[in-house]
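Enquirer: one predicted model, sequence on top.
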Amino acid sequence: MTNAPATSSVAGPVLRGLHNATIKRNLAISLGLTAIITVAYKLMVNDPKKAAYAEFYSKYDANKSFERMKAAGRFQSC
């Protein structure tokens, strides 16, 4: 019996630089997903909300609303 290491044909895992490679991959994935989610949120939430506000204020008459609240007795000073 000798103390020589056993040689095998299976190579061991490459661990040098594994942490840096994993960080690069995870950073690229997270940046990609962030960009996709940001665009999706803008298109599915912000744009419809902006259109709803624009549509509401295109028909909104502040004086008519004021007169309606005044007639209902909502103001004490008017």
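Expert: Everything's here; your move. Residues are numbered from 1 along each chain as shown.
Enquirer: so which bits of the lowest-mean-pLDDT helix or strand in the chain are buried?
Expert: One helix or strand of the chain scores below all others by mean pLDDT, DSSP states H and E: helix 62-71, with a mean of 94. By neighbour count on 16 or more other CB atoms under 10 Å, the buried set for helix 62-71 is empty. For every residue, glycine as well, the C-beta is placed using N, CA and C.
Enquirer: chain center to it: distance?
Expert: Chain-centre distance of helix 62-71: 40 Å, with CA atoms, centre = their mean, to the nearest Å.
Enquirer: numbering from 29 from now on, please.
Expert: Renumbered: residue one is now 29, and that last one reads helix 90-99.
Enquirer: contacts for that helix next, please.
Expert: Applying CB atoms under 8 Å, 6 or more residues apart in numbering, the external contacts of helix 90-99 come out as Phe103, Cys106.
Enquirer: got the CA positions of that helix in PDB?
Expert: Listed in PDB are the C-alpha atoms of helix 90-99, where the atom choice follows Å, rounded to 0.1, in the frame of the first residue of the first chain:
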ATOM      1  CA  ALA A  90     -64.600  72.700 -11.400                       C
ATOM      2  CA  ASN A  91     -67.200  75.500 -11.200                       C
ATOM      3  CA  LYS A  92     -70.100  73.100 -11.700                       C
ATOM      4  CA  SER A  93     -68.700  70.900  -8.900                       C
ATOM      5  CA  PHE A  94     -68.200  73.900  -6.700                       C
ATOM      6  CA  GLU A  95     -71.800  75.000  -7.200                       C
ATOM      7  CA  ARG A  96     -73.100  71.500  -6.600                       C
ATOM      8  CA  MET A  97     -71.200  71.300  -3.200                       C
ATOM      9  CA  LYS A  98     -72.300  74.900  -2.300                       C
ATOM     10  CA  ALA A  99     -76.000  74.000  -3.000                       C
END
